[in-house]
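Student: this is the structure alone, sequence omitted:
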Ligand code: BGC
């Protein structure tokens, strides 16, 4: 009897921990590990310590086959190459753009690296969160398997004030097709923080030709219009009557050509999410993506106020995992976030984290399938 009680009590702690393996070394010789999370719903996610990056994400299609639905590489060298456009990484300290790399905080002016002329993009050049190697710990409990990444960014790293301690946790639910990504940060000086994941999805499998045949619905009546360098003007404008109206499910390719000759070169816009309908729910619905071919769906729920929909306009045919080619617009990003350049716009929700306060936010990726319409 005692043995039975004991094993019931211990069962959650005894669940097998996520498998960990060596993934190679960075150019400066730092070892990188990769963790595997698996569940009963046919989902496998692999995450590595360089950039707390999502490297693989296998999900079932409507006929029971499985594919890896995100772009990436088979080696650290791929991630370190010029071809890597933030594939799957944790992006920050501040994702998206900061105008001319400048902001003022508590009476002090700060200048950051310009890596996307004339602006600062995705946290900087050498020591942005996507490029550093994080500490990691795999764990399991009765709800599923997870990996906790942690990194402490010293005061002044990439020009940002404050020593910032960041934790990113990937958690794959045991009995639901759901991967959650939770971000927690604390600082010793006021500093801007805006963290996201930069996975590139193709629900037909990474390396499929295009995402223009995917359908998308965004829970957004408004977006933040930008100037020619993709910096928000500060306005919040309606999507009504524009190619950005995804309030009803729309094929991505249907109106994209109207945007090809704009500064965004396609979709590369921040959408302002409508307020959460159900106050009891922890997360707001942000996006639903569907691929009619494979039948896969992805629902994104978040605690963030915005989402950047980027249609892979800069993908250039680089070769990734399994020698597959990543053509122009063959994958898309749906980056949950605070609005771009918030640090320079007082009317946007604030991205400033104060000492003694905790930054905490999470986003859920929920996979599913849908049946083919009967003709
Ligand atoms: C931005 C794009 C940029 C891409 C870089 C996206 O988050 O919105 O403008 O080119 O990241 O990979």
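Tutor: Nice, thanks for sending it over. It should be emphasised that the depicted structure is a prediction, and the values quoted were computed from it without experimental measurement.
Student: show me which residues of the stretch 1-150 of the chain sit near the ligand.
Tutor: Within the stretch 1-150 of the chain, the positions near the ligand by Cβ under 6 Å from any ligand atom are 85-86, 96. The C-beta positions use only the backbone N, C-alpha and C, and glycine is treated the same way.
Student: repeat the analysis, applying 5 Å as the threshold.
Tutor: By the rule Cβ under 5 Å from any ligand atom, the part of the stretch 1-150 of the chain lying against the ligand is 85-86.
Student: phi, psi of residue 321?
Tutor: For residue 321, the backbone dihedrals are phi -50, psi 140 (criterion: degrees, to the nearest 10).
Student: residue in this structure with the shortest distance to the ligand?
Tutor: Shortest the chain-to-the ligand distance, computed as Cβ to the nearest ligand atom: residue-wise this is residue 85, at 3.6 Å.
Student: now residue 334: closest residue in space, sequence neighbours ignored.
Tutor: What sits nearest to residue 334 in space, not counting adjacent residues and going by Cβ to Cβ, 6 or more residues apart in numbering, is residue 287, at 5.1 Å.
Student: tell me where the stretch 251-375 of the chain has helices.
Tutor: Listed from the start of the chain, the stretch 251-375 of the chain has helices (DSSP state H, counting those that start in this stretch) covering 257-260.
Student: circling back: if I look at the residue of the chain closest to the ligand, how far off is residue 270?
Tutor: In this structure, residue 85 lies at 18 Å from residue 270, with Cβ to Cβ, to the nearest Å as the measure.
Student: pick out whichever of these two has more residues nearby.
Tutor: The residue with more neighbours, out of residue 85 and residue 270, is residue 270; 29 against 19, by other Cβ atoms under 10 Å.
Student: and that one, what does it touch?
Tutor: Taking Cβ atoms under 8 Å, 6 or more residues apart in numbering as the criterion, residue 270 is in contact with 96, 223-224, 232, 306-308, 337, 339-340.
Student: ok, now how distant is residue 172 from residue 365?
Tutor: Separation of residue 172 from residue 365 (Cβ to Cβ): 10 Å.
Student: shared neighbours, those two?
Tutor: Between them, residue 172 and residue 365 share these contacting residues under Cβ under 8 Å, 6+ apart: 178-179.
Student: taking the centroid of the chain, which residue is nearest it?
Tutor: Ranked by distance to the mean C-alpha position of the chain (Cα atoms, centre = their mean), the top residue is residue 197 at 1.9 Å.
Student: doesn't residue 86 make contact with it?
Tutor: No. Look at residue 197 against residue 86 with Cβ atoms under 8 Å: they stay out of range, at 9.6 Å.
Student: not counting sequence-adjacent ones, nearest residue to the residue nearest to the centre of the chain?
Tutor: Nearest-residue entry for residue 197: residue 181, 5.4 Å, with adjacent residues in sequence omitted and distances by Cβ to Cβ, 6+ apart.
Student: what's the neighbour count on the one you found?
Tutor: 23.
Student: which residues touch it?
Tutor: Applying Cβ under 8 Å, 6+ apart, one finds that residue 181 lies in contact with 168-170, 197, 362-365.
Student: low-scoring stretches of the stretch 101-250 of the chain, by residue?
Tutor: Low-confidence regions of the stretch 101-250 of the chain, defined here as pLDDT under 70, do not occur.
Student: sorry, back to before: secondary structure element holding the residue of the chain closest to the ligand?
Tutor: In the assignment (DSSP states H and E), residue 85 maps to no helix and no strand.
Student: thought it was touching residue 315?
Tutor: Yes. In this structure residue 85 lies within contact range of residue 315 using Cβ under 8 Å: 7.1 Å.
Student: what do the two both touch?
Tutor: When contacts are counted by Cβ under 8 Å, 6+ apart, the set common to residue 85 and residue 315 consists of residue 200.
Student: related to what we said a few turns ago, which one of the contacts of residue 270 sits closest to residue 147?
Tutor: Relative to residue 147, the closest of these is residue 337; by Cβ to Cβ it sits at 21.8 Å.
Student: tell me how far that closest one lies from residue 195.
Tutor: When distance is defined by Cβ to Cβ, residue 337 is 8 Å away from residue 195.
Student: intersection of neighbour lists for these two?
Tutor: When contacts are counted by Cβ under 8 Å, 6+ apart, residue 337 and residue 195 have residue 95 as shared neighbours.
Student: residue ranges in the stretch 251-375 of the chain under the pLDDT threshold?
Tutor: Low-confidence segments of the stretch 251-375 of the chain, defined by pLDDT under 70, span residues 375.
Student: next to the ligand, which bits of it? Give me the list.
Tutor: Counting by Cβ under 5 Å from any ligand atom, the positions of the stretch 251-375 of the chain adjacent to the ligand are 268, 310, 314.
Student: which stretches of the stretch 1-150 of the chain form strands?
Tutor: For the stretch 1-150 of the chain, the strands defined by DSSP state E, counting those that start in this stretch cover 19-25, 31-38, 44-48, 53-60, 66-68, 90-91, 97-98, 102-105, 108-111, 120-121, 135-141, 144-153.
Student: would you mind finding the most buried of these?
Tutor: Of the strands of the stretch 1-150 of the chain, the one with the most neighbours on average (mean count of other Cβ atoms under 10 Å) is strand 90-91, at a mean of 27.
Student: other SSEs contacting that one?
Tutor: Judged by 3 or more Cβ pairs under 8 Å, 6 or more residues apart in numbering; DSSP states H and E, strand 90-91 is in contact with strand 196-197.
Student: can you list the residues that contact the helix or strand following the strand it packs on?
Tutor: Taking DSSP H and E as the definition, the helix or strand that follows strand 196-197 towards the C-terminus is strand 215-218. In this structure, residues lying in contact with strand 215-218 by Cβ under 8 Å, 6+ apart are 246-252, 271, 286-292, 307, 309.
Student: and stretch 328-336, end to end?
Tutor: Start and end residues of stretch 328-336 are separated by 22 Å (Cα to Cα, to the nearest Å).
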